[in-house]
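[1] give me a model of this one.
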Amino acid sequence: MNTITVEALRAWSSDGLQWLLKRPRQVIFAVAVAALVTAKMRHASARRERRKRWAKIGKDVVVLHGFPRGRLTPNTSPFVIKLETYLRLAKITYVFDDAEPIGPKGQSPWITLNGEEIADSQLVMEALAKKYDKNLTSWLPKEEQAIALAFNLMMTEHITWGLRVWRYVIDRGEQLRKCSKLDSLSEYIVYSLFPYIMKRRTWVQGMGRHKEKEVEEMLRQDIAALSHYLGRKPFLMGDRPCEVDCTLFGYTSQILWNYNGSPYVKMVREDYPNLEAHHNRMRTLLYPDWDELCLGAAGE
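    Numbers count the residues shown, from 1 in each chain. Model (predicted):
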């Protein structure tokens, strides 16, 4: 009986192997599907565990999700620095977490607050302003609120794309790689894939269709407008910092620290030095732990 069973098993195994060998595509497809399903299950499980951990942090504590800390700045994204600066300026309790930097809208940063997920830095700031009564521009006359909004949009919708052209198309992610602390896979993505992806995105958006000098001149006009309006004031809208100062600080942080070799460093430091003075003022006011944040990311 045992002999028959063993022989039957051998025959079945041989026939099964022959069947598999004759259908390599089907086998590869089945293995790939199984691997994908397993990966998705693990991802979903890890995602649930992260949310359980965030829920234990405390009621009304903002969990700020963003890219990992940078070597020279608290973050290599102007949007993450913008939002973190707002949280500090508004004195809203928060913790930083880089376990899941990309949010539900495919953007970074985003937040979780009491189990709710809110994405897009500007929408987050508006939501927090309502919840905590922290509208930092409400003291301005309506006309100046409109100016602040226009400057904010100029930076986030125009300067952003010009800087992306330099970072990803011209520099091909070299400076980003140097000022980030990345594992080998992330470094490969930043150094090899992002330039290709962002080049296509800048082309679709329109900024990538212009020559390098044309983009540089466009951004010079934007930077000059910010500098001229700032003038000798301590902050963009007067004696008190507001939301638009958080945005400006996010961009000057990138230019001054993470864009070495770009023409924009000279613009801010030499041509429009009041913008660097504004950066230093905001940094002194809100980031006494700047060096600790950066050195911790660099592992020093």
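[2] just the helices in the stretch 151-300 of the chain please.
    Applying DSSP state H, counting those that start in this stretch to the stretch 151-300 of the chain gives helices spanning 160-164, 174-178, 184-188, 194-205, 212-230, 243-258, 263-266, 273-286, 290-298.
[3] could the ones you listed go into JSON lines alongside distance to V62, mean neighbour count and mean pLDDT?
    (C-beta placed from N, C-alpha, C; glycine too.) Compiled in JSON lines, the helices of the stretch 151-300 of the chain are given as follows (distance: least, CB to CB, whole Å; neighbours: other CB atoms under 10 Å; pLDDT from 0 to 100):
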{"stretch": "helix 160-164", "distance to V62": "23", "mean neighbour count": "20", "mean pLDDT": "97"}
{"stretch": "helix 174-178", "distance to V62": "26", "mean neighbour count": "17", "mean pLDDT": "90"}
{"stretch": "helix 184-188", "distance to V62": "25", "mean neighbour count": "11", "mean pLDDT": "72"}
{"stretch": "helix 194-205", "distance to V62": "28", "mean neighbour count": "15", "mean pLDDT": "90"}
{"stretch": "helix 212-230", "distance to V62": "28", "mean neighbour count": "16", "mean pLDDT": "98"}
{"stretch": "helix 243-258", "distance to V62": "15", "mean neighbour count": "26", "mean pLDDT": "98"}
{"stretch": "helix 263-266", "distance to V62": "31", "mean neighbour count": "17", "mean pLDDT": "98"}
{"stretch": "helix 273-286", "distance to V62": "16", "mean neighbour count": "17", "mean pLDDT": "98"}
{"stretch": "helix 290-298", "distance to V62": "17", "mean neighbour count": "15", "mean pLDDT": "78"}
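[4] out of those, nearest to D98?
    helix 290-298 (9.6 Å; CB to CB).
[5] residues touching the closest residue to R172 other than its chain neighbours, list them.
    Once flanking residues are discounted, R172 sits nearest to P195: 4.5 Å by CB to CB, 6 or more residues apart in numbering. With contact set as CB atoms under 8 Å, 6 or more residues apart in numbering, P195 has these partners: 168-169, 172-173.
[6] go again with 10 Å.
    By CB atoms under 10 Å, 6 or more residues apart in numbering, the residues touching P195 are 167-174, 176.
[7] try T202
    Contacts of T202 by CB under 10 Å, 6+ apart are 161-162, 164-165, 168-169, 208-210, 215.
[8] ok, D98 next?
    D98 makes contact with 64-69, 75, 80, 108-109, 297, according to CB under 10 Å, 6+ apart.
[9] just give me the closest of the residues you listed to M125.
    P109 (10.6 Å).
[10] I figured the closest one hits P74, correct?
    No: counting by CB atoms under 10 Å, P109 sits too far from P74 to count as a contact (11.7 Å).
[11] compare the helices of the stretch 151-300 of the chain and give me the one nearest T85.
    For the helices of the stretch 151-300 of the chain, proximity to T85 was assessed by CB to CB; helix 243-258 is nearest, at 4.1 Å.
[12] and the closest one, what does it pack onto?
    helix 78-89, helix 121-132, helix 142-154, helix 160-164, helix 174-178, helix 212-230, helix 263-266, helix 273-286 (3 or more CB pairs under 10 Å, 6 or more residues apart in numbering; DSSP states H and E).
[13] for T137, give its distance to P241.
    T137 is 10 Å from P241, where distance means CB to CB, to the nearest Å.
[14] run through the stretch 1-150 of the chain and note the low-pLDDT ranges.
    Scanning the stretch 1-150 of the chain with the threshold set as pLDDT under 70 gives 1-17, 19-43.
[15] now do the domain split for this protein, please.
    Listed domain ranges for the chain are 2-48, 62-132, 142-298 (source: automatic domain parsing).
[16] in the sheet, who's paired with F235?
    Beta-bridge partners for F235, by DSSP bridges, are G238.
[17] what about stretch 253-264, start to end distance?
    Using CA to CA, to the nearest Å, the end-to-end distance of stretch 253-264 comes to 12 Å.
[18] check contacts around P104.
    With contact taken as CB under 10 Å, 6+ apart, P104 is in contact with 110, 117-120.
[19] in what helix or strand does it lie?
    If you go by DSSP states H and E, P104 is not part of any helix or strand.
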